[in-house]
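Novice: Provided below are the primary sequence and the corresponding predicted coordinates.
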Amino acid sequence: DWVKVSTATGYSHAECLLLKNAIISIREALEKGESILIHCSAGKHRTGVLAYCVLRKGGMTHEESLHIISQMRPETAAELEGK
């Protein structure tokens, strides 16, 4: 699925709904053992926000989520920690 989000902050109501639905779909796919790919232009803000939300929805703590993201992409974790 493709979720069009214009910026990393200040989501519209419609964008929030798209993100929430994407998070649910991603969690369902992961629970089935499927692989997912999250990508955006820079891979710092929108990618990080979505990855963080998916991890939290899966039951991980704030700290665990940031740790996992920092292992995969330190630049993204630094952006999330700065928010």
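Specialist: Alright, I've got the coordinates.
Novice: tell me the pLDDT at the nearest residue to residue 4 once chain neighbours are set aside?
Specialist: Nearest residue to residue 4 in three dimensions, chain neighbours excluded: residue 18, at 7.3 Å (Cβ to Cβ, 6 or more residues apart in numbering). For the C-beta atoms, the positions are set from N, CA and C on the backbone; glycine is no exception. What the model reports as pLDDT for residue 18 is 86.
Novice: try the one 3 residues further on
Specialist: With respect to pLDDT, residue 21 has a value of 90.
Novice: and the longest helix anywhere in the chain, what does it pack onto?
Specialist: For the chain, the longest helix by residue count, based on DSSP state H, is helix 13-31. Where contact means 3 or more Cβ pairs under 8 Å, 6 or more residues apart in numbering; DSSP states H and E, helix 13-31 is packed against helix 46-57.
Novice: Any figure for the gap between residue 65 and residue 14?
Specialist: 25 Å (Cβ to Cβ, to the nearest Å).
Novice: More neighbours: which of these two?
Specialist: residue 65 (21 against 10; other Cβ atoms under 10 Å).
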